[in-house]
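what's the 3D shape of this:
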Amino acid sequence: MTVLGDGGGIETVEADRVFRVAVTGDPAEARKRLESLQADIFIRRSDAPAPELLVADMDSTMITVECIDELADYAGVKPQVAEITERAMRGELDFAGALKERVQLLAGLDEAVLARCYDERVRIMPGARALVRTLKARGAKTLLVSGGFTYFAKRVAEEIGFDGYRANRLGFTGATLDGTVEKPILGAEQKREALLGQGNDPAAAVAIGDGANDVPMLKAAGLGIAYHAKPAAIGAADAAVRFGDLTAVLHGLGVPRAEWQI
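As a prediction, the model looks like this:
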């Protein structure tokens with residue numbers, strides 16, 4: 001079904017909820033004309049390169065929760081921390097300052113709570129394993145980058161199958177959180193630098209995130225994808241997954257379901 005005047009066309013690839021659009025003109029213009037559809041739409045130039053690199057955010061992207069909010073629940077301060085998290089992800093607060101403020105509220109929490117939080121609260125986002133493992137099978141390098149913490153990022157990266165991870169380190173005094181984050185803090189610009197520092201052509205990179213601190217890496221990638229995201233991330237991305245899970249990205253990249261690595 002041809003709907004674009006520049007020779008592009010729409011292909012329905014998942015029960016009328018995911019559409020892949022190949023264009024020879026401006027992808028941004030095509031997106032503007034199609035964004036009213038109640039579906040996940042991937043608009044790429046017909047000559048776009050195959051993905052060589054996937055860089056993905058962790059919290060609320062590769063996992064279903066914000067780890068710092070869940071840790072705050074064990075400390076009895078979740079409402080305060082969650083409010084700061086929401087404002088930071090919307091871009092209303094400086095990320096580094098907001099992270100320091102939230103971590104200070106966790107001071108005194110026993111290190112053992114991190115393991116308990118991971119076991120009880122952290123759940124892998126539907127479609128995450130299929131997405132990462134399928135792109136790896138097709139030759140792509142995969143990297144998890146998080147403004148959260150290494151304790152969680154290491155375990156999530158291993159559980160899903162990422163090649164590597166980067167995140168922030170919590171400060172400890174003995175076996176107790178001391179309310180600090182080790183420097184340098186991994187924020188928005190550091191996520192972008194992580195993508196650009198992998199040695200791949202940025203045009204062949206896919207980046208996925210949901211918050212304002214993901215905007216620079218979404219813009220740096222050849223295909224930036226906002227996943228159930230805040231307005232700032234949606235505005236910066238080339239595509240937005242609003243309805244489906246992370247397998248929608250595989251549909252958008254044109255990977256046949258028979259080739260998915262489940």
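
the longest strand in this protein is where?
strand 141-149 (DSSP state E).

ok now stretch 228-240, how far from the chain's centre?
Distance, stretch centre to chain centre, for stretch 228-240: 11 Å (Cα atoms, centre = their mean, to the nearest Å).

Now do stretch 183-199: distance to the chain's middle.
14 Å.

If you count neighbours, what's buried in that stretch?
Within stretch 183-199, the residues that count as buried by 16 or more other Cβ atoms under 10 Å are Leu186, Gly187, Ala188, Gln190, Lys191, Arg192, Ala194, Leu195, Leu196, Gln198. Every C-beta, even on glycine, is put in place using the N, C-alpha and C of the backbone.

What mean pLDDT does it get?
Taken as a whole, stretch 183-199 has a mean pLDDT of 97.

Run through who's touching it.
The contact list for stretch 183-199 (Cβ atoms under 8 Å, 6 or more residues apart in numbering) reads 53, 55, 57, 95-96, 99-100, 141, 143, 145-147, 166-168, 202, 205, 207, 209, 212-217, 219-221.

Could you rerun that using 6 Å?
Contact partners of stretch 183-199, identified using Cβ atoms under 6 Å, 6 or more residues apart in numbering, comprise 53, 55, 95-96, 145, 147, 166, 168, 205, 213, 216-217, 220.

Now that stretch - C-alpha only, CSV.
The C-alpha trace of stretch 183-199 is given here as CSV (Å, rounded to 0.1, in the frame of the first residue of the first chain):
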residue,chain,number,x,y,z
LYS,A,183,32.8,9.9,40.0
PRO,A,184,32.6,10.3,37.1
ILE,A,185,28.9,10.1,36.9
LEU,A,186,27.5,8.4,33.8
GLY,A,187,24.9,10.7,32.5
ALA,A,188,23.5,11.8,29.2
GLU,A,189,26.7,12.9,27.5
GLN,A,190,28.5,9.8,28.7
LYS,A,191,25.8,7.6,27.1
ARG,A,192,26.4,9.4,23.8
GLU,A,193,30.2,9.0,24.2
ALA,A,194,29.7,5.3,24.9
LEU,A,195,27.9,4.8,21.6
LEU,A,196,30.4,6.8,19.6
GLY,A,197,33.4,5.1,21.3
GLN,A,198,32.6,1.6,20.1
GLY,A,199,34.4,2.0,16.8
